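Colleague: when you get a sec, could you give me coordinates for this:
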Amino acid sequence: MKNIFKISFVLSLMMIVLSCDESVEEVIYNGNPNENRTFISFPANVYNLPVTIDDTGSLDIILNSSTLSSSDRTFNVTLNTDPEITTADPATYTLPSTVTIPANSYQGTLTISGADNGLVDATIKQIVFNLTGLSDRDDIDNDEVIVNVFEVCPVPDTYLVGEYDLVDSNGNFPTEQVTVSVGSTSTERVFNTTFLPGSGVDTVLPVTISLACNVFNLTPDIDITVSCTGGNPPYYILTSAGASNSTYSLASDTVHTINYTEDPNASCGGTSIQNFTLTKI
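Modeller: Numbers count the residues shown, from 1 in each chain. Take a look at the predicted model:
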């Protein structure tokens with residue numbers, strides 16, 4: 001196993017537990033909401049927008065606030081227009097120009113729509129954006145949000161669901177039994193396992209497999225901020241295999257092999273295509 005180190009962070013932004021209890025309100029505001037900073041955050045940095053073949057798709061992203069306001073709070077949604085960063089065709093998605101947290105609410109919703117238009121396929125394309133227009137008392141913990149756009153075909157809700165034996169080709173995951181379930185969309189499958197077992201930085205996390213049209217995508221990346229350079233970038237991650245992605249058939253639900261790219265940033269040596277196999281029990 002490679003000598004992998006984990007970088008430690010002191011978190012400046014903490015998850016606020018929302019409550020209707022008035023005593024909790026006083027703790028959040030410290031008695032005076034006008035004297036406190038507001039922390040704005042999305043639950044994650046990376047999201048998936050699956051677009052059904054010859055049809056559409058939709059993604060709701062929640063925006064959280066640590067404080068309440070008696071009036072609506074509206075923020076600008078700014079697209080990164082660098083074509084090497086936002087790679088999705090503009091004809092395949094609609095990104096709102098603003099997102100609003102309604103008055104007396106801790107949350108707002110940003111809805112991104114996708115359309116196939118004959119331009120989306122199983123290859124992941126990205127929409128990258130951030131929020132601007134924050135007040136002087138606002139802080140945000142997401143520099144940019146990434147949305148993966150790709151084509152999906154309908155699959156039965158029982159396909160690739162249940163108990164499976166997991167075997168990884170290069171020790172990134174342990175050999176063990178896992179429970180695979182439907183993810184946040186009907187074409188996602190998720191299971192929990194240990195990343196880098198026995199390395200000293202091993203971490204239990206969810207692994208998400210996206211079922212594009214007959215193609216397995218590993219998305220989002222497996223990234224726990226570790227490297228072979230004393231915890232400094234570039235980081236050791238697992239990501240989609242791209243053109244080397246493996247395929248599936250609805251005719252069989254017994255054995256599934258999912259290819260992925262190991263260490264695309266070359267943190268610990270050379271980049272390679274690896275895989276893990278799920279065998280139905």
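Colleague: from here on, contacts and neighbour counts on C-alpha atoms
Modeller: Fine.
Colleague: quick one: N104 from P264, how far?
Modeller: Distance, N104 to P264, using C-alpha to C-alpha, to the nearest Å: 44 Å.
Colleague: nearest residue to the middle of this structure?
Modeller: Nearest to the mean C-alpha position of the chain, counting by C-alpha atoms, centre = their mean, stands V46 at 3.4 Å.
Colleague: need the contact list for that one.
Modeller: V145, I146, V147, N148, P220 (C-alpha atoms under 8 Å, 6 or more residues apart in numbering).
Colleague: isn't D116 right next to L49, touching?
Modeller: No: counting by C-alpha atoms under 8 Å, D116 sits too far from L49 to count as a contact (11.3 Å).
Colleague: between the two, which one's more packed in?
Modeller: Shown here are D116 and L49; by other C-alpha atoms under 10 Å, L49 has more neighbours (25 against 22).
Colleague: neighbours of T98, how many?
Modeller: By other C-alpha under 10 Å, the burial measure for T98, its neighbour count, is 14.
Colleague: show me what contacts the closest residue to it other than its chain neighbours?
Modeller: Nearest residue to T98 in three dimensions, chain neighbours excluded: N76, at 4.4 Å (C-alpha to C-alpha, 6 or more residues apart in numbering). Applying C-alpha under 8 Å, 6+ apart to N76 gives the contacts S97, T98, V99, L131, T132, G133.
Colleague: show me what N130 is bridged to.
Modeller: T78 (DSSP bridges).
Colleague: then P50?
Modeller: F150.
Colleague: check the contact between it and F150; I expect there is one.
Modeller: Yes: with contacts counted by C-alpha under 8 Å, P50 reaches F150, the gap being 5.3 Å.
Colleague: which residues do these two both contact?
Modeller: A212.
Colleague: model confidence for T78, exactly?
Modeller: At T78, the model reports a pLDDT of 97.
Colleague: doesn't T132 make contact with it?
Modeller: Yes: applying C-alpha under 8 Å, one finds T78 in contact with T132, separated by 6.7 Å.
Colleague: mind giving me the packing neighbours of the strand or helix carrying T277?
Modeller: Assessed by DSSP states H and E, T277 sits inside strand 272-280. Judged by 3 or more C-alpha pairs under 8 Å, 6 or more residues apart in numbering; DSSP states H and E, the packing partners of strand 272-280 are strand 162-168, strand 255-262.
Colleague: partners of that strand, with directions?
Modeller: strand 162-168 (antiparallel), strand 255-262 (antiparallel).
Colleague: which one of these lies closest to N232?
Modeller: strand 255-262 (17.6 Å; C-alpha to C-alpha).
Colleague: now do the buried residues in the closest one.
Modeller: H256, T257, I258, N259, Y260, T261, E262 (16 or more other C-alpha atoms under 10 Å).
Colleague: surely the third one is in contact with N214?
Modeller: No: counting by C-alpha under 8 Å, I258 does not reach N214; the two are 11.8 Å apart.
Colleague: thanks again, I'm all set now.
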